[in-house]
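Chemist: model this:
(chains A and B)
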2 protein chains.
Amino acid sequence: MKSTHLYRSLALTGTLLISACASTEATDTATATNQLAELSAQAMNSDTAYEIVKSLTVEVGPRIAGSEGDKRAVEWAESKFKELGFDNVYKEPVRVRNWSRGIADAKIIAPYQQKLFITALGGSVATPEGGLTTDVAMFNSLASLKQADAAQVDGKIVFINQRMQRDRAGKGYGPVVIGRSQGAIEAAKLGAKAVLIRSVGTDNSRFAHTGVMQYSDDVQKIPAGALSNADADNLQAMIDAGNDVTLAVDMRAKEHGWQTSYNVVGEFTGTESPEEVVLIGAHLDSWDEGTGALDDGAGVGIVTGAATLIKNLTGQPKRTIRVVLYASEEFGLTGAQEYTRKHKEELGNIIVAAESDFGAGEIYQMDTLFTPNALEVATPLFAALAKIGIKQGHNQAGGGPDVTMLPKHGVPVVSLLQDGTYYFDYHHTANDTLDKVDPKALAQNQAAYALLAYFMANSGIETRPAPKETAQSH
Amino acid sequence: MKSTHLYRSLALTGTLLISACASTEATDTATATNQLAELSAQAMNSDTAYEIVKSLTVEVGPRIAGSEGDKRAVEWAESKFKELGFDNVYKEPVRVRNWSRGIADAKIIAPYQQKLFITALGGSVATPEGGLTTDVAMFNSLASLKQADAAQVDGKIVFINQRMQRDRAGKGYGPVVIGRSQGAIEAAKLGAKAVLIRSVGTDNSRFAHTGVMQYSDDVQKIPAGALSNADADNLQAMIDAGNDVTLAVDMRAKEHGWQTSYNVVGEFTGTESPEEVVLIGAHLDSWDEGTGALDDGAGVGIVTGAATLIKNLTGQPKRTIRVVLYASEEFGLTGAQEYTRKHKEELGNIIVAAESDFGAGEIYQMDTLFTPNALEVATPLFAALAKIGIKQGHNQAGGGPDVTMLPKHGVPVVSLLQDGTYYFDYHHTANDTLDKVDPKALAQNQAAYALLAYFMANSGIETRPAPKETAQSH
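Modeler: The predicted structure is shown next:
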């Protein structure tokens, strides 16, 4: 029943479909420009992507790698691709780590009792049976923790209290996320019993932000969690007032071994060069507390919607358009690593790869990693993107997370940079739900990916050899 | 140690204190205007109110009526009044209902499993041991539920899905809150097993909003909860798609009988007419999930801060300034009812009463319930308020919740209307924490209450007989 809207919006497109088919052979710039303009206009007004995100979040919901939700997501993706008319739908197995959060409770015991809202970091071990109760040692950053003496930390819970800064490109993430990934290792080296970080997030709320963390084989594994920003403020205020603060923490995270999940792939096979592939991707897994609407339901909707609209509005592409929905991005890009390994010999056939995995904010810039000549050939594409607010960026793109490993194999990539000003208010929280997705901004994303994939699949552009040097976009 | 800031800010005020003392006898308007302007300027720049809210939320935290937190809040209030120099500090016992939330879990079982974020409504009974699992019947409002046939509802969980509208004056609250208070009664009349309402709140988040609900003695008591708005969206989407939806709900709320709490009172005794009282109040209790920063820590800070600044900046008032921190507002204004009963014979001595209990947004209007002559006498007050953005409103004020019962006893009241545009994003949720309080807006509130209480205590204004008719401000 979810497809009622889809079919209604697609039914509007007869005119464009006919005109596009009639001009299949046209190669002059004016015609290309007209086609791109028509595709863009239709995509900007289509709820295809939104209905896909809605379907995924409402019908599947949370889908942490290897879970029942993940299995349902794989089934959902296959049947959604088929329902939308993809002519080649398949899945490729990926062994994924299956970890469950369990409960995560914390409270201040002394100087006065206060509940704290926390969450376990992804991959954390549990606390000892019955939890642990001990004093807190606060540090402003991972760097200041590293400079501490063991005497300050030994037997305590380390609290890394570094606030993330808001930024359109998400530049506040990198300097802080290091505390999430490395905090347990550095704290354990100094004898800490556990580590709690201030959430890596830009909101003031009581939602704690999860995200994957790391252990080192030669250092004791200690429980690792995140405090909501509001609770971190509260704890900081107590400590700043000169109190010795004691916390009780009870976390019941568990490993369930390795499970089989899948990269799910849907294709519109190319009519002229089916072996040449335009790859647009997103990741299918999510964290377990929200419904993964922004991360990465939005990406799933954007790339699947874009490919669907190209087919329905302009017919079968000349090159193959391949939508890859990756498994287990959150636990270390597992699906993307497997995809790259499995298809190593065929990576030379990828004309371009791009992933959408930064929420649903409007795109403001397209960075590329193309041979310089291709940038000139792509002039009509850049012009069409400019009309929907997207400027041409630099030529050192890294692509999204699941395609970051492709440039070193010579694969040209594109980064369509989204406005991430508010992305980290919701990122990796229970509050990542459908209502955070702005349908209008999502449609602009869909239009951008539709323009990109249509142009790359139908213009005959040659993007290789790609430059060697990439710069991290965010 | 919390008072370091307070004393620092008060130390700045020597000049004003001296000039105010020197002009105690001055009655001309120019001097009054100057005094009000100086008091306002100091109060607008003082963090006194903010430091009080911070102290209450950080040192006490959640304080639902009759709980351990409530007991600590009473101790905190007494010692805070003394620390701030109130010359008469006392508490008056109030018997309060003590209810605890316990856990409240819910999930969709069919057509596919999805966790829901809910909370129990205040005063709800628990579900039967082990929870209950049954189908859902959705209604758009309490009114549409009332028109339903028993066959639609019998044996089911009723879902009242009415969204609250955002409004500066909080006018969206009334039309929706009736579903919270009466939903369990109307659903039970038709044989429902439980009722879940869409949260009475203007946010899109996964925080559910609690609030007190009612039962009727002649109708079965069924469990009553609220779904977060994001979860209500999700449930609605499933139902709109034509699914029969089954829910499992497990709620472990408990009654713990009646406990003794206290209205806590701090006074600056009047030098000339100590028996004449300017009463400014707020409520000391809060719900149990947040730290009660907006509801009503802000009010506690505003009225306590205002009275403190008057004393410190202008000396002892001519009439008594009485700050009343009421017990158990959330469970039916219990403290205020007891206060009115106990002091019935002395209500005639109250020159004016006002409560701050609508968060920490800036005040934009002052409504009064004064004899018309007093409005002219109060011209300097209105002029001083106008300079900090507050216009004169109507003369049918109802006062805040804990003073609403006073006008029928002839007590003149004032309503200082706060901007409540975002108040209901946080109201009665775990997300009602200190970071939601804007120190600048809070200081403007403090200045307004300081101007009001100073003028009412020192100008000799006579406010009686108050008009009979009051209008609900919000």
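Chemist: Check the burial of the closest residue to chain B within the stretch 251-400 of chain A by counting its neighbours.
Modeler: The minimum distance from the stretch 251-400 of chain A to chain B, using CB to the nearest CB, falls at residue A:291 (7.2 Å). In this view, the C-beta of every residue, glycine as well, is placed from N, C-alpha and C. Applying other CB atoms under 10 Å in any protein chain shown, we find 30 other residues in the vicinity of residue A:291.
Chemist: can I assume it is in contact with residue A:61?
Modeler: Yes - the pair residue A:291 / residue A:61 is scored as a contact, 4.8 Å apart, by CB atoms under 8 Å.
Chemist: Check the contact lists of the two and give me the overlap.
Modeler: Counting by CB atoms under 8 Å, 6 or more residues apart in numbering or on different chains, the contacts common to residue A:291 and residue A:61 are B:114, B:234.
Chemist: what about dumping the CA coordinates of whichever strand or helix holds residue A:197 to CSV?
Modeler: Remark: residue A:197 resides in strand A:194-198, with elements defined by DSSP states H and E. Output of strand A:194-198 as CSV, limited to C-alpha atoms (Å, rounded to 0.1, in the frame of the first residue of the first chain):
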residue,chain,number,x,y,z
ALA,A,194,35.0,2.6,32.6
VAL,A,195,34.8,5.6,30.3
LEU,A,196,31.9,7.9,29.7
ILE,A,197,32.1,10.6,27.0
ARG,A,198,30.0,13.7,26.5
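Chemist: and the following helix or strand past it with chain B, contact?
Modeler: Once strand A:194-198 ends, the next helix or strand along the chain (criterion: DSSP H and E) is strand A:224-227. No - applying CB under 8 Å from any CB of the partner chain, one finds strand A:224-227 separated from chain B by no less than 12.1 Å.
Chemist: Could you check the helix or strand that comes right after strand A:224-227 against chain B for contacts?
Modeler: Downstream of strand A:224-227, the first helix or strand assigned by DSSP H and E is helix A:229-240. Yes - with CB under 8 Å from any CB as the criterion, chain B is reached by helix A:229-240 at A:229-231, A:233-234, A:237-238.
Chemist: For those, pick the one with the most neighbours.
Modeler: Busiest of the residues of helix A:229-240 next to chain B [other CB under 10 Å] is residue A:230, holding 28 neighbours.
Chemist: for it, what are its contacts?
Modeler: Residues counted as contacts of residue A:230 (CB under 8 Å, 6+ apart) are A:117, A:204-206, B:431, B:433-435.
Chemist: again, but for residue A:435
Modeler: By CB under 8 Å, 6+ apart, the neighbours of residue A:435 are A:293, B:204, B:229-230, B:233.
Chemist: buried stuff in stretch A:61-72?
Modeler: A:61-67, A:69-72 (16 or more other CB atoms under 10 Å in any protein chain shown).
Chemist: Quick check: the farthest pair among those?
Modeler: The distance between the two most remote of those (CB to CB) is 15.5 Å, for A:61 and A:66.
Chemist: Pull up the pairing partners for the strand holding residue A:197, direction included.
Modeler: Sheet partners assigned to strand A:194-198 using DSSP bridges are listed as strand A:157-160 (parallel), strand A:224-227 (parallel).
Chemist: Mind putting those into JSON lines with distance to residue A:35?
Modeler: Formatted as JSON lines, the strands paired with strand A:194-198 follow (distance: least, CB to CB, whole Å):
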{"stretch": "strand A:157-160", "distance to residue A:35": "52"}
{"stretch": "strand A:224-227", "distance to residue A:35": "48"}
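Chemist: Tell me which of those sits most buried.
Modeler: Per residue and on average, the most neighbours among the strands paired with strand A:194-198 fall to strand A:224-227, with a mean of 30 (mean count of other CB atoms under 10 Å in any protein chain shown).
Chemist: Tell me which residues are up against it.
Modeler: A:104, A:106, A:116-121, A:124, A:159, A:180, A:183-184, A:194-200, A:208-211, A:213, A:235, A:249, A:251.
Chemist: Could you find the closest non-adjacent residue to the residue of the stretch 251-400 of chain A closest to chain B?
Modeler: residue A:57 (4.1 Å; CB to CB, 6 or more residues apart in numbering or on different chains).
Chemist: I'd like the mean pLDDT over the strand or helix carrying that neighbour, please.
Modeler: Using DSSP H and E, residue A:57 maps to helix A:48-59. The predicted model assigns helix A:48-59 a mean pLDDT of 97.
Chemist: between it and helix B:229-240, how many degrees?
Modeler: 100 degrees (axes from the mean of the first three to the mean of the last three CA atoms, to 10 degrees).
Chemist: gap between the following helix or strand past helix A:48-59 and the chain center?
Modeler: Sequence-wise, the next helix or strand downstream of helix A:48-59 (DSSP H and E) is helix A:68-83. Centroid separation between helix A:68-83 and its chain, computed with CA atoms, centre = their mean, to the nearest Å, is 18 Å.
Chemist: helix or strand right after helix A:68-83?
Modeler: The C-terminal neighbour of helix A:68-83 among helices and strands, as given by DSSP H and E, is strand A:88-100.
Chemist: what are the pairing partners of that following strand, and which direction each?
Modeler: strand A:254-268 (antiparallel).
Chemist: Identify each buried residue in the partner strand, please.
Modeler: For strand A:254-268, the neighbour count (16+ other CB under 10 Å) marks A:259, A:261-268 as buried.
Chemist: which bits of chain A sit near chain B?
Modeler: So chain A meets chain B at A:1-2, A:54, A:57-62, A:68, A:72, A:112-115, A:117, A:204-207, A:229-231, A:233-234, A:237-238, A:241-242, A:290-291, A:430-431, A:433-436 (CB under 8 Å from any CB).
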